[in-house]
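Enquirer: sequence plus predicted model, see below.
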Amino acid sequence: MSTGENIRAVEDDGSIVVELARSGKTIIVPPGVSILESVREAGVEAPSSCEMGTCGACETRVLEGEPDHFDAVLSPTERKAGDRMMICCSGALSKKLVLDL
């Protein structure tokens, strides 16, 4: 399968393609698995504490894509800006996210 075909297959099953800009890795986050869990499985360290979206420890800059926020940390204005997200509990409205990790 070509890369384009891989991404289309991922889009069809509800997974998210997440590019980790600093580490140069691209990961697939399957449904039911947090971005934080997938990042760690890929061997990339990411801070966290509560892992429920209430503490803000896992806040990560979003370089591209549209996050789907499920945290209790960001204000409505911050959510609308879309430039950061809590990767322990939030997902994506876009098919791909590029994160500063």
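Expert: Nice, I can see it.

Enquirer: what is the neighbour count of the closest residue to residue 100 other than its chain neighbours?
Expert: Distances taken as C-beta to C-beta, 6 or more residues apart in numbering put residue 61 closest to residue 100, at 3.8 Å, once the chain neighbours are dropped. In this view, the C-beta of every residue, glycine as well, is placed from N, C-alpha and C. Counted by other C-beta atoms under 10 Å, the residues lying close to residue 61 total 12.

Enquirer: got the contact list for residue 61?
Expert: 83-84, 99-100 (C-beta atoms under 8 Å, 6 or more residues apart in numbering).

Enquirer: gap between the residue nearest the centre of the chain and residue 89?
Expert: Centroid check for the chain by C-alpha atoms, centre = their mean gives residue 35 as the closest residue, at 4.6 Å. The gap separating residue 35 from residue 89 is 9 Å, by C-beta to C-beta, to the nearest Å.

Enquirer: cool, residue 37 as well?
Expert: Distance check for residue 37 against residue 89: by C-beta to C-beta, it reads 11 Å.
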